[in-house]
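> Below are the sequence and a predicted model; questions follow.
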Amino acid sequence: MVSVKYLILFTSIAIFLISPVGAASRGISLEPIKKTPNLDLTIGTYRALIIGNNKYKDPKKRWPSLKTAVNDATAVAKILRENYGFADVKLLENATRRQVLQAINELSSKVGPNDSVLLYYAGHGYLDSETERGYWVPTDAVGSDNSTFLRNSTIRDELNVIASRARHTLLISDSCFSGSLLSQSTRSISPGFGDDRYYKKVASKKSVQIVSAGGLEFVDDDYRSSGHSPFTYFLLNELKYNDRTYLTATELSRNVETAVSNNVDQKPQSGVLQGAGDELGEFIFIKVRVAVDAQGIPKDKIKVDVRVVQDKEPGVKKSTPKKPKKRPIILPVPTL
Amino acid sequence: MAVLSPGLSRADVQISITPGVVLFPNTWSGENKDTGEKFSSSATNLGINLKFQWRDLYTGISVAGAEYEFNTKDYSPARPSAILPLKDDPIKIKRNEFDLLIGYYVWDMVSIFVDLRSKSLKWSDDYEITYAGLGAGVTGHYSFSPKWTIFGSLGASSLDIKSKERGYNERNIGDGVGTAASFGVLYRLTRMLNFYSTFKSQRQEYRYDNNITEIHDINGITIGFSTVFSL
């Protein structure tokens, strides 16, 4: 009968679809095979949204254009992609308020449970001295009309959503008054820092960290004509000259804070996003290529190989058997 | 029109439910293959669309109904009974459809589903034909921006045909097979609210025990709003 043939056909299609696909792993793990060969870290995708705002179009001329923000963002995106294995890096230059929010939403919709997500912003910041509210200033900001800015509470809300989905979330904000993003809570490096057990422990615990270029003060634009702000200059320096495979966000921020405050009148700050589920985990940067060695060894001789392995490969622990969540698409019921 | 559709939360346990109403103007046309007689009509359907999702599994119910009017100078569909009126007055047929689905996402963008479906054509309290059976299909969607998503489905079903006629026991009068394809686009207005439009085309071939074979083509465009919430 024709009807029976159709049923057999579609049952076969269903079985064909289930078998190979259902068994396939959807995540990717970066497994260093040198330096720390026995260290098992469960790692999802490294994602980053990098925003740099130079060209401000303020008709009231309240916000002058910056020299280095786009260059800062471009350099950060490049080093994350090339040296730290970030698979999903979106660079947003001269972004409007709407573009920033759209990009954050887009990033948010892609995040899976084991992912590490980094959000970087370089551009103007603003602090309302009366209300003590802080803002990011997008390129379409108009004068002192703070409804055209991005309020810190909005940024924190968006970060909260990302943090609820990701394993590790890190916000790096290089703007004036970006310290107003932080809560009072801080963290210190735990005993045992630097050994394998430490990295395993902090990698498996959730983290929601913030590093800001300054507290509640103005920050410089072009540091010694380097083409970078002082904060991002030293941030890039740390990432570039780091010669270890694993670098935690706390370690990174501590070194950057020290270097910046030793050289300019600016005090970077770091902490956690209060109430976002931080469990004292750590955002871990995994260096996949040591660009420059302090001893002058040629770059190609000290490359750390990284191979991509499936989540199910022995030696890579899965902290959770769940598959990455799907995008929140809302579709009608399909009917026949 | 408002459709409350399901959504996927990012919580570990993803449960959502979608009640709603769908309006879609359908055209229903067909042909008696033996005689070459053709029939056609159109009507606006009213329906309810519910969906419930837990992680990769989902289940849904769709109920829709409309009253179609056929001129008896043309042939009207599925009329193997002798008791039906043959006068020139238009014949009104109430067509109701019920689908109960269970589906599974084999990929993030692809799911397969099984559809237990039932359709009834009711001429009057005296005569009703039901088509019931099982179908299977595949759905897919692709978001090419955070706002825009296209989606579609393809499937087939096998149905038994029974008649309920005054004065007779319910009896099996034939069988049939149906295929359906749909294509739609969804625009996300806000995180909670979406607008969508779907074009759906169905072809059903029925063979009655009295050697009548009919082909029915039913095409319709659905437009609606959907909203999502999670439990």
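Perfect, thanks for sending it. Quick caveat, the model's predicted, so the values are computed rather than measured.

> where's A:S129 relative to chain B, distance?
The gap separating A:S129 from chain B is 33 Å, by C-beta to the nearest C-beta, to the nearest Å. C-beta coordinates here come from the backbone N, C-alpha and C atoms, glycine included.

> Now for residue 119, how many residues are close by?
Just going to use chain A. Neighbourhood size, A:L119 [other C-beta atoms under 10 Å in any protein chain shown]: 22.

> sorry, should have said chain B
Count around B:K119 with other C-beta under 10 Å applied: 22.

> Tell me who's in contact with it.
B:95-98, B:130-132, B:159 (C-beta atoms under 8 Å, 6 or more residues apart in numbering or on different chains).

> which of the residues you listed lies closest to A:A166?
Distance ranking of these against A:A166, using C-beta to C-beta, places B:F98 first at 41.5 Å.

> Enumerate the positions of the stretch of helix or strand that closest one belongs to that are buried.
Per DSSP states H and E, B:F98 falls inside strand B:91-105. Judged by neighbour count (16 or more other C-beta atoms under 10 Å in any protein chain shown), strand B:91-105 contains these buried residues: B:91, B:93, B:95-101, B:103-105.

> Likewise for stretch A:128-137?
For stretch A:128-137, the neighbour count (16+ other C-beta under 10 Å) marks A:133-137 as buried.

> Among these, show me the least confident.
By pLDDT, A:R133 ranks lowest within the buried residues of stretch A:128-137, coming in at 78.

> wait, doesn't it sit right on A:N152?
Yes - taking C-beta atoms under 8 Å as the definition, A:R133 is a contact partner of A:N152 at 6.6 Å.

> centroid residue for chain B?
Centroid check for chain B by C-alpha atoms, centre = their mean gives B:E97 as the closest residue, at 5.8 Å.

> In a helix, A:D157, correct?
Yes - secondary structure of A:D157 (DSSP: H, G, I helix; E, B strand; the rest coil): part of a helix.

> hmm, back to that, among the buried residues of strand B:91-105, which are within reach of chain A?
B:97, B:99, B:101, B:103-105 (C-beta under 8 Å from any C-beta of the partner chain).

> Save those as JSON lines, and put in pLDDT too.
Converted to JSON lines, these look like this (pLDDT from 0 to 100):
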{"residue": "B:E97", "pLDDT": "90"}
{"residue": "B:D99", "pLDDT": "93"}
{"residue": "B:L101", "pLDDT": "93"}
{"residue": "B:G103", "pLDDT": "92"}
{"residue": "B:Y104", "pLDDT": "91"}
{"residue": "B:Y105", "pLDDT": "87"}
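
> hang on, the earlier thing: now the residue nearest to the centre of chain B, which residues is it bridged with?
B:A64, B:K119 (DSSP bridges).

> Hmm, B:S118 and it touching each other?
Yes - the pair B:E97 and B:S118 qualifies as a contact (C-beta under 8 Å) at a distance of 7.5 Å.

> Counting by contacts, list what the strand holding B:F98 packs against.
strand B:57-70, strand B:110-124 (3 or more C-beta pairs under 8 Å, 6 or more residues apart in numbering or on different chains; DSSP states H and E).

> Just confirm yes or no for stretch B:146-154 near chain A.
Yes - on the criterion C-beta under 8 Å from any C-beta, stretch B:146-154 is in touch with chain A at B:146, B:149, B:151, B:153.

> Could you list the residues of the stretch 151-300 of chain A in contact with chain B?
Counting by C-beta under 8 Å from any C-beta, the stretch 151-300 of chain A sits next to chain B at A:161, A:164-165.

> The residues you listed in strands, which ones?
Counting by DSSP state E, no part of these is found in strands.

> And the buried residues of stretch A:128-137, which is closest to chain B?
A:W136 (19.8 Å; C-beta to the nearest C-beta).

> Check the gap between the closest one and A:S175 for me.
From A:W136 across to A:S175, the span is 6 Å (C-beta to C-beta, to the nearest Å).

> cool, and A:S116?
23 Å.

> same deal with B:S226?
B:S226 is 38 Å from A:S175, by C-beta to C-beta.

> for B:S143, same thing?
Counting by C-beta to C-beta, the gap from B:S143 to A:S175 is 31 Å.

> hey, where'd the strands end up in the stretch 201-336 of chain A?
Taking DSSP state E, counting those that start in this stretch as the test, the strands found in the stretch 201-336 of chain A are A:207-212, A:246-248, A:269-272, A:284-286, A:306-310.

> Turn those strands into a markdown table, including mean pLDDT and mean neighbour count.
Formatted as a markdown table, those follow (pLDDT from 0 to 100; neighbours: other C-beta atoms under 10 Å in any protein chain shown):
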| stretch | mean pLDDT | mean neighbour count |
| --- | --- | --- |
| strand A:207-212 | 88 | 28 |
| strand A:246-248 | 87 | 22 |
| strand A:269-272 | 82 | 21 |
| strand A:284-286 | 89 | 25 |
| strand A:306-310 | 34 | 14 |
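
> I'd like those strands as a markdown table, with distance to A:Y121 appended.
A markdown table is the format used below for the strands of the stretch 201-336 of chain A (distance: least, C-beta to C-beta, whole Å):
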| stretch | distance to A:Y121 |
| --- | --- |
| strand A:207-212 | 10 |
| strand A:246-248 | 21 |
| strand A:269-272 | 15 |
| strand A:284-286 | 18 |
| strand A:306-310 | 28 |
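
> what touches both of A:W136 and A:S175?
The contact lists of A:W136 and A:S175 share A:121, A:123-125, where a contact means C-beta under 8 Å, 6+ apart.

> Now do the nearest residue to B:H141 once chain neighbours are set aside, the pLDDT please.
Distances taken as C-beta to C-beta, 6 or more residues apart in numbering or on different chains place B:F151 nearest to B:H141, at 3.7 Å, with adjacent residues excluded. Predicted confidence (pLDDT) for B:F151: 93.

> How about the secondary structure of B:F151?
B:F151 ends up strand, using three-state DSSP.

> how about it, what does it touch?
Taking C-beta under 8 Å, 6+ apart, we find B:F151 in contact with A:329, A:331, B:139-142, B:183-186.

> Pipe those into a markdown table and attach pLDDT per row.
Formatted as a markdown table, the contacts of B:F151 follow (pLDDT from 0 to 100):
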| residue | pLDDT |
| --- | --- |
| A:I329 | 61 |
| A:L331 | 78 |
| B:T139 | 95 |
| B:G140 | 93 |
| B:H141 | 90 |
| B:Y142 | 88 |
| B:F183 | 94 |
| B:G184 | 91 |
| B:V185 | 91 |
| B:L186 | 87 |
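
> Out of the residues you listed, flag the one nearest to B:L57.
Using C-beta to C-beta as the measure, the one of the contacts of B:F151 that approaches B:L57 most closely is B:T139, at 13.4 Å.

> From chain A, how far out is the nearest residue to B:R166 once chain neighbours are set aside?
Leaving out its chain neighbours, the residue that sits closest to B:R166 by C-beta to C-beta, 6+ apart is B:D126, at 4.3 Å. Separation of B:D126 from chain A (C-beta to the nearest C-beta): 28 Å.

> Could you check how many residues crowd around B:D126?
14.

> right, and it touches B:K164 too?
No - taking contacts as C-beta under 8 Å, B:D126 lies outside contact range of B:K164: 9.1 Å.

> Pull the distance from stretch B:168-180 to the chain's centre.
16 Å (C-alpha atoms, centre = their mean, to the nearest Å).

> before we move on, what about stretch B:42-53?
On C-alpha atoms, centre = their mean, the centre of stretch B:42-53 falls 8 Å from the chain's centre.
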